[in-house]
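Peer 1: Provided below for reference: sequence and predicted model.
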Amino acid sequence: MTTDTRQNVYTRVTDSIIAAIEAGAGDFKMPWHAQGDLARPFNVTSGKAYRGINTVALWVAAQATGYTAPIWGTYKQWQEKGAQVRKGEKASTVVFWKISENANDETETGNEEEHGHARVFARAYCVFNAQQVEGWEAPAMPALPQAARIAHAEGFFAALGATIKEGGARACYIPSRDEIHLPPFAAFHDAVAYYATLAHEATHWTAHTSRCARDLKGRFGSESYAAEELVAELGAAFLCSDLALTPEPRPDHAAYIASWLKMLRSDPRAIFTAAAKAQAAADWMHARQKQAVAA
């Protein structure tokens, strides 16, 4: 397998995300700001939600094609369900990693990189949405009433134990004080907007050394500030999806969009890193819920 072929695993996914960012830049609508609630895409066979970059990639694919079903599977998986992918349907790409100690193991690779003493191989898989198949009917997806979702979100963020101060006109996380600052609740057009903004700032909050210890300077250099904003955007989108809320477009991020596009064009792996860091932040906050219950 040639280097160019391996590199395409990253560039294929990154190029689709770049196109989606460019398409929504005028309205500050990023690929993670779809119409309505963004459900986590999940696999038809395992029932497990996709994570990290695969979540973003499948949101992009769904947005580009208008798919509303969050259910995906490989050609073989759909066949095993008694369904048939319609002729001419175009597949979407997801990526899975394999860690190997064998330096000669290249049979599964789509791309590779060092991970300590092991090598991490990225392999691309082709998947199809439930709306691309025949002979299968999606199960009803239960939805909580909005009031229940808001109550769940309130409990979720309360369990984090973050210091949240309301007042002023700007939402931000202040690392030197380890505080999240938000405008008053009444300044938001509804409760969903409030908690979507809090999800963004809470993702920043996880960067603290006592939590995820996220430092992007070594990876992104002068672009680390913009990269951290991208991590917070993705982390907020993951959380909002998990909490069945709608992430909010941020007009104040207009200054970052050009930096994100520049970063992604120059480094096809950048969005993979940002998505992985965002997923780690969301995982940390979910784990905090269990700790709060145990306490």
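Peer 2: Noted; the coordinates are in hand.
Peer 1: is the nearest residue to N129 once chain neighbours are set aside in a helix, a strand, or coil?
Peer 2: Leaving aside its sequence neighbours, N129 sits nearest to Y67 (CB to CB, 6 or more residues apart in numbering; 4.5 Å). C-beta: built from backbone N, CA, C; applies to glycine. Following DSSP: H, G, I helix; E, B strand; the rest coil, Y67 is assigned to coil.
Peer 1: can you check A244 too?
Peer 2: Strictly by three-state DSSP, A244 counts as coil.
Peer 1: from A162, how far out is it?
Peer 2: A244 is 21 Å from A162, where distance means CB to CB, to the nearest Å.
Peer 1: coming back round to it: go ahead and confirm the residue nearest to N129 touches V133.
Peer 2: No - with contact defined as CB atoms under 8 Å, Y67 does not reach V133; the gap is 11.3 Å.
Peer 1: more crowded one of these two?
Peer 2: Neighbour totals were compared for Y67 and V133, and V133 leads with 23 against 19 (other CB atoms under 10 Å).
Peer 1: okay, and the beta partners of the more buried one?
Peer 2: Beta-bridge pairing for V133 (DSSP bridges): V85.
Peer 1: ok, it - contacts?
Peer 2: W78, A83, Q84, V85, R86 (CB atoms under 8 Å, 6 or more residues apart in numbering).
Peer 1: quick one: name whatever helix or strand follows the worst-scoring helix or strand of the chain on mean pLDDT.
Peer 2: Using mean pLDDT, DSSP states H and E, strand 111-115 stands out as the lowest-scoring helix or strand of the chain, at a mean of 41. The C-terminal neighbour of strand 111-115 among helices and strands, as given by DSSP states H and E, is strand 118-129.
Peer 1: can you give me the buried ones in that following strand?
Peer 2: Within strand 118-129, the residues scored as buried using 16 or more other CB atoms under 10 Å are R119, F121, A122, R123, A124, Y125, V127, F128, N129.
Peer 1: likewise for stretch 162-180?
Peer 2: Residues A162, I164, A171, Y173, I180 are the ones in stretch 162-180 that count as buried (16+ other CB under 10 Å).
Peer 1: which one of the residues you listed is nearest Q291?
Peer 2: A162 (13.7 Å; CB to CB).
Peer 1: so the closest one makes contact with H204?
Peer 2: No - A162 is beyond contact range of H204, at 10.3 Å (criterion: CB under 8 Å).
Peer 1: spit out the residues that contact these two alike.
Peer 2: By CB under 8 Å, 6+ apart, the residues touching both A162 and H204 are I180.
Peer 1: what pLDDT does the closest residue to F188 other than its chain neighbours get?
Peer 2: Nearest residue to F188, sequence neighbours excluded (CB to CB, 6+ apart): Y194, at 4.2 Å. Looking at Y194, its pLDDT reads 95.
Peer 1: go ahead and confirm Y194 touches A186.
Peer 2: No - shown here, Y194 and A186 do not form a contact pair, counting by CB under 8 Å, at 9.4 Å.
Peer 1: the two: who's more crowded?
Peer 2: Taking other CB under 10 Å, Y194 and A186 do not tie; Y194 has more neighbours (25 against 8).
Peer 1: so how far is D27 from the more buried one?
Peer 2: Distance of Y194 to D27, given as CB to CB: 21 Å.
Peer 1: which stretches in the stretch 151-295 of the chain count as helices?
Peer 2: Taking DSSP state H, counting those that start in this stretch to define them, one finds helices in the stretch 151-295 of the chain at 191-205, 217-220, 224-242, 254-266, 270-294.
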